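In: Please work out how this folds:
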Amino acid sequence: MIEQYSGVILMGNTIRLKNTITDIDGNPYTPDTLEIKIYDGKGVLVNTIENSNIQSEGTGTGIYYVDYIVVADNNNPGKWRAVWTVSKDTKPNVDYIEFEVIKVLGV
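Out: Numbering: from 1, shown residues only. A predicted model of the protein is given here:
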């Protein structure tokens, strides 16, 4: 289950993208692979984050996160999307979070 984010993010600031990975019975597990793809307000892929750059809150918790800096020079504010793809035993699971990004004019 992805932790939803309420509020807005200013370009150049950091957002914590967090996901609790569980099986169908709600038990946390450690996936074989993790990947997060970040899309800007126009749907353009701006970053791909893979296993080694995604942190765990501890063995066996199923909780993973990344602190992502929203690039300040991107000119596509709006609703951004972080798409999480996790795999266990070659079975992928995809989920996403959307967050609002704004650009402060004159900065």
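In: Check which helix or strand residue 98 maps to.
Out: In the assignment (DSSP states H and E), residue 98 maps to strand 91-102.
In: Next, the buried residues of that strand.
Out: 97, 99, 101 (16 or more other CB atoms under 10 Å). Using the backbone N, CA and C atoms, a C-beta is placed for each residue, glycine as well.
In: again, but for stretch 15-32
Out: 15, 17, 18, 19, 21, 31.
In: in the protein, which spans are strands?
Out: Ranges of strands in the chain, per DSSP state E, are 8-10, 14-20, 33-39, 45-50, 55-56, 63-69, 78-88, 91-102.
In: CSV for the buried residues of stretch 15-32, including pLDDT?
Out: CSV is the format used below for the buried residues of stretch 15-32 (pLDDT from 0 to 100):
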residue, pLDDT
15, 93
17, 94
18, 93
19, 92
21, 91
31, 92
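In: so where's the protein shaky on pLDDT?
Out: Judged by pLDDT under 70, the chain has its weakly predicted residues at 1-4, 106-107.
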